[in-house]
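In: Quick one, fold the following:
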Amino acid sequence: MVLSMGTMFQWVLERLLVSTGKTHLFMITLTSGSVVNLLLDPVFIFGWFGVPAMGAMGAGIATVFGQWTSASLAFILNRRCNKEIPMRFDFRPYPGTIKNILSTGVPTAMISGFTSLAAVAVNQILLAFSSTAVAVYGAILRVINMVNVLPHGFGLGIVPVVAYNLGAGKGERITKAIRCGLLYGGLLALIGTLALQIFPGPVMGLFDPSPEMLAMGIPALRILSLILIFGAVNAILSSAFQGLGKGVYSMYVSLMRQVALTIPLAWALSLTGSLTAVWVAFPAAEGLTVLLSLALYRRSKRMVLPKETAVPVI
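Out: Okay, here's the model as predicted:
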(Lines give C-alpha, C1' and ligand atoms only; values in the text may rest on other atoms or scores of the structure.)
Protein backbone atom coordinates (compact mmCIF):
# COMPACT_ATOMS: atom_id res chain seq x y z
CA MET A 1 0.00 0.00 0.00
CA VAL A 2 2.85 2.39 0.83
CA LEU A 3 4.62 1.74 -2.46
CA SER A 4 1.38 2.20 -4.40
CA MET A 5 1.28 5.86 -3.33
CA GLY A 6 2.66 6.43 -6.83
CA THR A 7 -0.83 6.08 -8.20
CA MET A 8 -1.97 8.99 -6.00
CA PHE A 9 0.76 11.25 -7.36
CA GLN A 10 -0.07 10.01 -10.85
CA TRP A 11 -3.75 10.95 -10.55
CA VAL A 12 -3.01 14.43 -9.20
CA LEU A 13 -0.25 15.28 -11.66
CA GLU A 14 -2.18 13.94 -14.65
CA ARG A 15 -5.23 16.01 -13.69
CA LEU A 16 -3.04 19.11 -13.67
CA LEU A 17 -2.19 18.38 -17.31
CA VAL A 18 -5.86 17.87 -18.15
CA SER A 19 -6.88 21.06 -16.35
CA THR A 20 -4.80 23.18 -18.74
CA GLY A 21 -6.05 21.33 -21.82
CA LYS A 22 -2.92 19.21 -22.40
CA THR A 23 -4.81 15.95 -22.69
CA HIS A 24 -2.26 14.60 -25.20
CA LEU A 25 0.36 14.69 -22.45
CA PHE A 26 -2.07 12.91 -20.13
CA MET A 27 -2.37 10.19 -22.77
CA ILE A 28 1.43 9.86 -22.85
CA THR A 29 1.79 9.48 -19.08
CA LEU A 30 -1.10 7.02 -18.84
CA THR A 31 0.27 4.91 -21.70
CA SER A 32 3.81 4.90 -20.34
CA GLY A 33 2.76 3.29 -17.06
CA SER A 34 0.69 0.65 -18.84
CA VAL A 35 3.58 -0.23 -21.17
CA VAL A 36 6.08 -0.51 -18.29
CA ASN A 37 3.62 -2.67 -16.35
CA LEU A 38 3.10 -4.91 -19.39
CA LEU A 39 6.84 -5.32 -20.01
CA LEU A 40 7.73 -6.02 -16.39
CA ASP A 41 4.90 -8.47 -15.69
CA PRO A 42 6.63 -11.54 -17.21
CA VAL A 43 9.98 -10.45 -15.75
CA PHE A 44 8.73 -10.51 -12.15
CA ILE A 45 6.04 -13.18 -12.52
CA PHE A 46 8.12 -15.83 -14.33
CA GLY A 47 11.60 -14.73 -13.24
CA TRP A 48 13.23 -13.57 -16.47
CA PHE A 49 16.77 -12.13 -16.74
CA GLY A 50 17.89 -13.55 -13.41
CA VAL A 51 15.01 -12.03 -11.42
CA PRO A 52 13.41 -14.49 -8.96
CA ALA A 53 9.99 -15.76 -10.04
CA MET A 54 7.45 -14.17 -7.69
CA GLY A 55 4.09 -15.06 -9.22
CA ALA A 56 1.24 -12.83 -8.06
CA MET A 57 3.60 -10.75 -5.94
CA GLY A 58 5.65 -10.06 -9.06
CA ALA A 59 2.53 -8.78 -10.84
CA GLY A 60 1.98 -6.36 -7.97
CA ILE A 61 5.58 -5.15 -8.13
CA ALA A 62 5.28 -4.57 -11.88
CA THR A 63 2.10 -2.56 -11.29
CA VAL A 64 3.87 -0.37 -8.72
CA PHE A 65 6.73 0.29 -11.16
CA GLY A 66 4.19 1.29 -13.80
CA GLN A 67 2.42 3.67 -11.42
CA TRP A 68 5.64 5.40 -10.39
CA THR A 69 6.72 5.63 -14.04
CA SER A 70 3.52 7.48 -14.93
CA ALA A 71 3.81 9.70 -11.84
CA SER A 72 7.45 10.58 -12.57
CA LEU A 73 6.77 11.33 -16.22
CA ALA A 74 3.72 13.43 -15.30
CA PHE A 75 5.89 15.44 -12.88
CA ILE A 76 8.52 16.07 -15.56
CA LEU A 77 5.92 17.10 -18.15
CA ASN A 78 4.25 19.45 -15.67
CA ARG A 79 7.60 21.10 -14.92
CA ARG A 80 8.60 21.46 -18.56
CA CYS A 81 5.36 21.87 -20.49
CA ASN A 82 2.70 23.04 -18.04
CA LYS A 83 3.94 26.55 -17.32
CA GLU A 84 0.42 27.71 -16.41
CA ILE A 85 0.73 25.83 -13.13
CA PRO A 86 4.02 26.50 -11.29
CA MET A 87 5.29 23.34 -9.57
CA ARG A 88 5.94 24.64 -6.07
CA PHE A 89 5.24 22.56 -2.98
CA ASP A 90 3.73 24.32 0.02
CA PHE A 91 2.36 22.26 2.88
CA ARG A 92 0.60 25.13 4.61
CA PRO A 93 -3.18 24.56 4.72
CA TYR A 94 -5.33 27.03 2.79
CA PRO A 95 -8.96 26.58 3.90
CA GLY A 96 -10.39 28.18 0.77
CA THR A 97 -8.36 25.95 -1.52
CA ILE A 98 -9.18 22.82 0.50
CA LYS A 99 -12.88 23.72 0.32
CA ASN A 100 -12.73 24.09 -3.46
CA ILE A 101 -10.91 20.78 -3.84
CA LEU A 102 -13.40 18.94 -1.64
CA SER A 103 -16.39 20.51 -3.41
CA THR A 104 -15.26 18.76 -6.60
CA GLY A 105 -13.51 15.72 -5.15
CA VAL A 106 -16.21 14.50 -2.76
CA PRO A 107 -18.94 14.32 -5.45
CA THR A 108 -16.51 12.50 -7.75
CA ALA A 109 -15.71 9.97 -5.03
CA MET A 110 -19.40 9.45 -4.35
CA ILE A 111 -20.03 8.86 -8.05
CA SER A 112 -17.59 5.93 -7.90
CA GLY A 113 -19.46 4.61 -4.89
CA PHE A 114 -22.77 4.85 -6.73
CA THR A 115 -21.30 2.79 -9.59
CA SER A 116 -20.32 -0.03 -7.24
CA LEU A 117 -23.66 0.06 -5.42
CA ALA A 118 -25.60 -0.05 -8.67
CA ALA A 119 -23.56 -3.01 -9.98
CA VAL A 120 -24.31 -5.06 -6.86
CA ALA A 121 -28.02 -4.24 -6.94
CA VAL A 122 -28.41 -4.93 -10.67
CA ASN A 123 -26.62 -8.26 -10.39
CA GLN A 124 -29.00 -9.31 -7.61
CA ILE A 125 -32.01 -8.42 -9.76
CA LEU A 126 -30.63 -10.34 -12.75
CA LEU A 127 -29.73 -13.39 -10.66
CA ALA A 128 -33.44 -13.87 -10.04
CA PHE A 129 -33.64 -14.79 -13.74
CA SER A 130 -30.38 -16.71 -14.28
CA SER A 131 -26.62 -16.49 -13.97
CA THR A 132 -26.53 -16.21 -17.76
CA ALA A 133 -28.39 -12.89 -17.52
CA VAL A 134 -25.62 -11.57 -15.26
CA ALA A 135 -22.97 -12.73 -17.74
CA VAL A 136 -24.84 -11.08 -20.62
CA TYR A 137 -25.12 -7.81 -18.71
CA GLY A 138 -21.41 -7.86 -17.84
CA ALA A 139 -20.39 -8.50 -21.44
CA ILE A 140 -22.66 -5.80 -22.85
CA LEU A 141 -21.52 -3.33 -20.22
CA ARG A 142 -17.93 -3.79 -21.39
CA VAL A 143 -18.95 -3.13 -24.99
CA ILE A 144 -20.90 -0.01 -24.04
CA ASN A 145 -18.02 1.31 -21.94
CA MET A 146 -15.66 0.82 -24.86
CA VAL A 147 -17.93 2.73 -27.25
CA ASN A 148 -18.40 5.43 -24.61
CA VAL A 149 -14.70 6.27 -24.58
CA LEU A 150 -14.96 8.84 -27.38
CA PRO A 151 -18.05 10.73 -26.11
CA HIS A 152 -16.52 10.80 -22.64
CA GLY A 153 -13.31 12.08 -24.20
CA PHE A 154 -15.22 15.09 -25.50
CA GLY A 155 -16.50 15.63 -21.98
CA LEU A 156 -12.97 15.51 -20.59
CA GLY A 157 -11.89 18.14 -23.10
CA ILE A 158 -14.82 20.39 -22.28
CA VAL A 159 -13.87 20.79 -18.60
CA PRO A 160 -10.82 23.07 -19.10
CA VAL A 161 -12.47 24.97 -21.97
CA VAL A 162 -15.52 25.79 -19.86
CA ALA A 163 -13.39 26.62 -16.80
CA TYR A 164 -11.08 28.96 -18.77
CA ASN A 165 -13.93 30.86 -20.35
CA LEU A 166 -15.82 31.03 -17.08
CA GLY A 167 -12.84 32.80 -15.57
CA ALA A 168 -12.68 35.12 -18.57
CA GLY A 169 -16.42 35.82 -18.43
CA LYS A 170 -16.96 34.48 -21.96
CA GLY A 171 -20.47 33.05 -21.75
CA GLU A 172 -20.85 32.68 -25.51
CA ARG A 173 -17.74 30.49 -25.71
CA ILE A 174 -19.02 28.30 -22.91
CA THR A 175 -22.30 27.73 -24.71
CA LYS A 176 -20.52 27.05 -28.02
CA ALA A 177 -18.13 24.54 -26.41
CA ILE A 178 -20.98 22.63 -24.77
CA ARG A 179 -23.05 22.64 -27.95
CA CYS A 180 -20.11 21.30 -29.96
CA GLY A 181 -19.52 18.62 -27.34
CA LEU A 182 -23.16 17.58 -27.44
CA LEU A 183 -23.19 17.56 -31.23
CA TYR A 184 -20.02 15.56 -31.85
CA GLY A 185 -20.31 13.37 -28.77
CA GLY A 186 -23.92 12.61 -29.68
CA LEU A 187 -22.94 11.85 -33.28
CA LEU A 188 -20.30 9.34 -32.16
CA ALA A 189 -22.77 7.76 -29.76
CA LEU A 190 -25.33 7.50 -32.58
CA ILE A 191 -22.80 5.77 -34.84
CA GLY A 192 -21.95 3.34 -32.04
CA THR A 193 -25.63 2.66 -31.40
CA LEU A 194 -26.32 1.95 -35.07
CA ALA A 195 -23.33 -0.40 -35.26
CA LEU A 196 -24.57 -2.38 -32.26
CA GLN A 197 -28.10 -2.46 -33.66
CA ILE A 198 -26.88 -3.85 -36.98
CA PHE A 199 -24.17 -6.24 -35.78
CA PRO A 200 -25.24 -7.55 -32.35
CA GLY A 201 -24.40 -11.16 -33.22
CA PRO A 202 -20.73 -10.61 -34.16
CA VAL A 203 -20.24 -8.34 -31.15
CA MET A 204 -21.62 -10.93 -28.72
CA GLY A 205 -19.54 -13.56 -30.52
CA LEU A 206 -16.39 -11.86 -29.23
CA PHE A 207 -17.19 -13.25 -25.77
CA ASP A 208 -17.31 -16.89 -26.91
CA PRO A 209 -20.92 -17.20 -25.71
CA SER A 210 -22.91 -20.34 -25.17
CA PRO A 211 -26.02 -20.74 -27.36
CA GLU A 212 -28.17 -19.59 -24.43
CA MET A 213 -26.03 -16.52 -23.82
CA LEU A 214 -26.04 -15.62 -27.51
CA ALA A 215 -29.81 -15.94 -27.79
CA MET A 216 -30.27 -13.79 -24.70
CA GLY A 217 -27.52 -11.32 -25.57
CA ILE A 218 -28.57 -10.23 -29.07
CA PRO A 219 -31.91 -8.61 -28.09
CA ALA A 220 -30.36 -7.34 -24.84
CA LEU A 221 -27.54 -5.61 -26.74
CA ARG A 222 -30.00 -3.91 -29.09
CA ILE A 223 -31.98 -2.54 -26.15
CA LEU A 224 -29.04 -1.56 -23.94
CA SER A 225 -27.18 0.14 -26.81
CA LEU A 226 -29.81 2.90 -26.63
CA ILE A 227 -28.05 3.97 -23.45
CA LEU A 228 -25.24 5.40 -25.58
CA ILE A 229 -27.14 8.36 -27.02
CA PHE A 230 -28.66 9.47 -23.72
CA GLY A 231 -25.42 8.68 -21.90
CA ALA A 232 -23.43 10.98 -24.20
CA VAL A 233 -25.69 13.91 -23.29
CA ASN A 234 -25.39 13.18 -19.58
CA ALA A 235 -21.60 12.78 -19.81
CA ILE A 236 -21.08 16.07 -21.67
CA LEU A 237 -23.33 18.05 -19.34
CA SER A 238 -21.76 16.44 -16.26
CA SER A 239 -18.37 17.62 -17.52
CA ALA A 240 -19.81 21.07 -18.08
CA PHE A 241 -20.95 21.14 -14.45
CA GLN A 242 -17.39 20.45 -13.33
CA GLY A 243 -16.05 23.24 -15.50
CA LEU A 244 -18.68 25.60 -14.10
CA GLY A 245 -17.67 24.69 -10.54
CA LYS A 246 -20.85 22.70 -9.93
CA GLY A 247 -19.39 19.25 -9.33
CA VAL A 248 -22.26 18.43 -6.99
CA TYR A 249 -24.61 18.56 -9.99
CA SER A 250 -22.56 15.77 -11.61
CA MET A 251 -23.15 13.77 -8.45
CA TYR A 252 -26.90 14.38 -8.71
CA VAL A 253 -26.89 13.14 -12.31
CA SER A 254 -24.91 10.02 -11.42
CA LEU A 255 -27.12 9.29 -8.41
CA MET A 256 -30.23 9.64 -10.53
CA ARG A 257 -29.14 7.50 -13.48
CA GLN A 258 -27.35 4.75 -11.56
CA VAL A 259 -29.33 4.43 -8.35
CA ALA A 260 -32.49 6.49 -7.95
CA LEU A 261 -33.99 5.54 -11.32
CA THR A 262 -32.23 2.45 -12.65
CA ILE A 263 -32.52 0.20 -9.60
CA PRO A 264 -36.21 0.90 -8.80
CA LEU A 265 -37.18 0.66 -12.48
CA ALA A 266 -35.27 -2.58 -12.99
CA TRP A 267 -36.74 -4.09 -9.83
CA ALA A 268 -40.30 -3.02 -10.67
CA LEU A 269 -40.06 -4.34 -14.23
CA SER A 270 -38.52 -7.59 -13.00
CA LEU A 271 -41.81 -8.27 -11.22
CA THR A 272 -43.39 -8.77 -14.64
CA GLY A 273 -41.23 -11.87 -15.07
CA SER A 274 -39.86 -10.51 -18.35
CA LEU A 275 -36.09 -10.11 -18.71
CA THR A 276 -36.68 -7.89 -21.75
CA ALA A 277 -38.59 -5.47 -19.54
CA VAL A 278 -35.62 -5.31 -17.17
CA TRP A 279 -33.29 -4.38 -20.05
CA VAL A 280 -35.64 -1.54 -20.98
CA ALA A 281 -35.17 -0.03 -17.52
CA PHE A 282 -31.58 1.00 -18.29
CA PRO A 283 -32.10 3.24 -21.36
CA ALA A 284 -35.34 4.53 -19.78
CA ALA A 285 -33.46 5.67 -16.67
CA GLU A 286 -30.72 7.23 -18.80
CA GLY A 287 -33.27 9.08 -20.92
CA LEU A 288 -35.16 10.44 -17.91
CA THR A 289 -31.85 11.62 -16.43
CA VAL A 290 -31.26 13.74 -19.53
CA LEU A 291 -34.21 15.89 -18.41
CA LEU A 292 -32.53 16.42 -15.04
CA SER A 293 -29.19 17.21 -16.70
CA LEU A 294 -30.75 19.87 -18.92
CA ALA A 295 -32.60 21.44 -15.99
CA LEU A 296 -29.42 21.56 -13.88
CA TYR A 297 -27.46 22.98 -16.79
CA ARG A 298 -29.91 25.84 -17.20
CA ARG A 299 -29.81 26.52 -13.48
CA SER A 300 -26.01 26.40 -13.28
CA LYS A 301 -25.65 28.92 -16.10
CA ARG A 302 -28.03 31.34 -14.42
CA MET A 303 -26.22 30.98 -11.09
CA VAL A 304 -22.60 30.99 -12.24
CA LEU A 305 -22.29 33.32 -15.22
CA PRO A 306 -22.21 37.08 -14.62
CA LYS A 307 -25.27 38.88 -15.94
CA GLU A 308 -23.29 40.82 -18.48
CA THR A 309 -21.94 37.60 -20.04
CA ALA A 310 -25.01 35.44 -19.74
CA VAL A 311 -26.33 34.13 -23.03
CA PRO A 312 -29.42 32.14 -23.97
CA VAL A 313 -29.08 28.60 -22.71
CA ILE A 314 -29.48 25.45 -24.74
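In: Any buried residues in stretch 118-136, and which?
Out: A118, A121, V122, I125, L126, F129, T132, A133, V134, A135, V136 (16 or more other Cβ atoms under 10 Å). (C-beta placed from N, C-alpha, C; glycine too.)
In: Show me what it is in contact with.
Out: With contact meaning Cβ atoms under 8 Å, 6 or more residues apart in numbering, stretch 118-136 is reached by 137, 210, 212-213, 216-217, 220, 258-259, 262-263, 266-267, 270, 275, 278.
In: who's in contact with F9?
Out: A71, A74, F75.
In: Can you classify it by secondary structure?
Out: Here F9 is recorded as helix under DSSP: H, G, I helix; E, B strand; the rest coil.
In: rewinding a little: which of the contacts of F9 fall in strands?
Out: Among the contacts of F9, the subset assigned to strands under DSSP state E is empty.
In: Tell me which two of the buried residues of stretch 118-136 sit farthest apart.
Out: Checked with Cβ to Cβ, these reach their widest spread between A118 and T132, with 20.3 Å between them.
In: ok, which stretches of the stretch 51-200 of the chain are helices?
Out: All helices of the stretch 51-200 of the chain, identified by DSSP state H, counting those that start in this stretch, fall at 56-81, 95-127, 131-147, 149-168, 171-198, 200-205.
In: could you dump those helices to a markdown table with distance to L13 and mean pLDDT?
Out: Shown next, in a markdown table, are the helices of the stretch 51-200 of the chain (distance: least, Cβ to Cβ, whole Å; pLDDT from 0 to 100):
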| stretch | distance to L13 | mean pLDDT |
| --- | --- | --- |
| helix 56-81 | 4 | 86 |
| helix 95-127 | 15 | 76 |
| helix 131-147 | 25 | 88 |
| helix 149-168 | 15 | 80 |
| helix 171-198 | 25 | 90 |
| helix 200-205 | 36 | 90 |
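In: Figure out which of those helices is closest to Y297.
Out: Closest among the helices of the stretch 51-200 of the chain, using Cβ to Cβ: helix 171-198, at 7.7 Å.
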